[in-house]
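In: mind looking at a prediction? Sequence and model below.
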Amino acid sequence: MNPSRIAAIVMRQFYLLRGSPARILPLFVWVAIDVILWGFITRYLNTVTASGLDFVTSLLGTVLLWNFLTRAMQGVTMAFFEDVWSRNFLNLFATPLSTAEYISGLVLSSIATSSIGLVVMVAVAGAAFGLSLFTYGVLLLPFLLVLFLYGIALGVFGSAVVLRLGPAAEWLIWPIPAMVSPFACVFYPRATLPEWMQLASLLFPPSYVFEGMRAITTGGHFSGTALLMGVGLALLCLLLACVFFLLTYQEAVRSGRIARYSAESVS
């Protein structure tokens, strides 16, 4: 892979953000609003329950990290959609740019945008509600790694779906985090789910993160093996998503559909 080509993809996203405040505001405005909303909900729950559980740490923390995963996914899909909306996708691949270089550029762009969102969420949650992610100790880093890898995998998968079905399929991508969240056990323990959903949740890397977070905040035991399982599954999902994108792109080139990609539907 050529680093200069990857850097060019990242620079394109940088110039788009620099030239449009409307693109910059969503990076931190919506995450800040989400944290404030859930922060007041958790504060209210602390006042009406006598369980002794600190909902700010156990619930607001999960909301914050789930938002991080969502932003990681959207960092990839939004960068991809910018090329779709500007009808620039065909121009990119008329150059020597490879699919691996293109995906790498999208991932690096997502790292930048999701990091901005994470910093804003941590700052707001800490200043307004006293939440510190350091509560989770050294496990915070592998937690973030699993969520980031899986978010990138969802973003690459979603981009491949739009590449296959055409720009009109964009609406299929936005609900993906909501469809994943019941199996990811974001807001409740895995034991709450029906048995078949419990088995299915074992295939979703974020479920290991949120189960681990709840174990830490309630003083329970968290297995390092489970965390390694989450990391392995996240890497596998990312690999499969990249392979799916590559196969989808090759099929689009082979069929000539890539030349008609500015159309609303290319099915």
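Out: Arrived safely, thanks for sending.

In: where does pLDDT dip in the protein?
Out: Scanning the chain with the threshold set as pLDDT under 70 gives 50-52, 220, 260-267.

In: what about the helices in it?
Out: 3-18, 21-24, 29-48, 55, 61-85, 89-92, 99-129, 140-165, 176-184, 195-201, 205-217, 224-255 (DSSP state H).

In: and the angle from the first one to helix 99-129?
Out: Taking axes from the mean of the first three to the mean of the last three C-alpha atoms, to 10 degrees, helix 3-18 and helix 99-129 form an angle of 40 degrees between their directions.

In: for the third one, same thing?
Out: Direction vectors for helix 29-48 and helix 99-129, defined by the same axes, to 10 degrees, enclose an angle of 40 degrees.

In: what's in contact with helix 29-48?
Out: 54-56, 59-60, 63-64, 67, 71, 117, 120-121, 124-125, 128-129, 131 (C-beta atoms under 8 Å, 6 or more residues apart in numbering). (C-beta placed from N, C-alpha, C; glycine too.)

In: surely residue 6 touches residue 106?
Out: No. Under the criterion of C-beta atoms under 8 Å, residue 6 makes no contact with residue 106, lying 9.6 Å away.

In: who has more neighbours out of these two?
Out: Between residue 6 and residue 106, counted using other C-beta atoms under 10 Å, residue 106 has the larger neighbour count: 26 against 21.

In: gap between the residue nearest to residue 185 when sequence neighbours are not counted and residue 237?
Out: Excluding the flanking residues, the one nearest residue 185 by C-beta to C-beta, 6 or more residues apart in numbering is residue 207, at 4.5 Å. Per C-beta to C-beta, to the nearest Å, residue 207 is found 13 Å from residue 237.

In: next one: residue 114
Out: Where residue 237 is concerned, residue 114 sits at a distance of 17 Å (C-beta to C-beta).

In: who's more crowded, the two?
Out: Using other C-beta under 10 Å as the criterion, residue 114 and residue 237 rank with residue 114 on top: 28 against 20.

In: next, count neighbours for residue 190.
Out: 19.

In: who are the neighbours in contact with it?
Out: With contact set as C-beta under 8 Å, 6+ apart, residue 190 has these partners: 198, 201, 207, 211.

In: what do you get if the cut-off is 6 Å, keeping everything else the same?
Out: 198, 201, 211 (C-beta atoms under 6 Å, 6 or more residues apart in numbering).

In: look up phi and psi at residue 193.
Out: The phi and psi values for residue 193, taken as degrees, to the nearest 10, are phi -80, psi 160.
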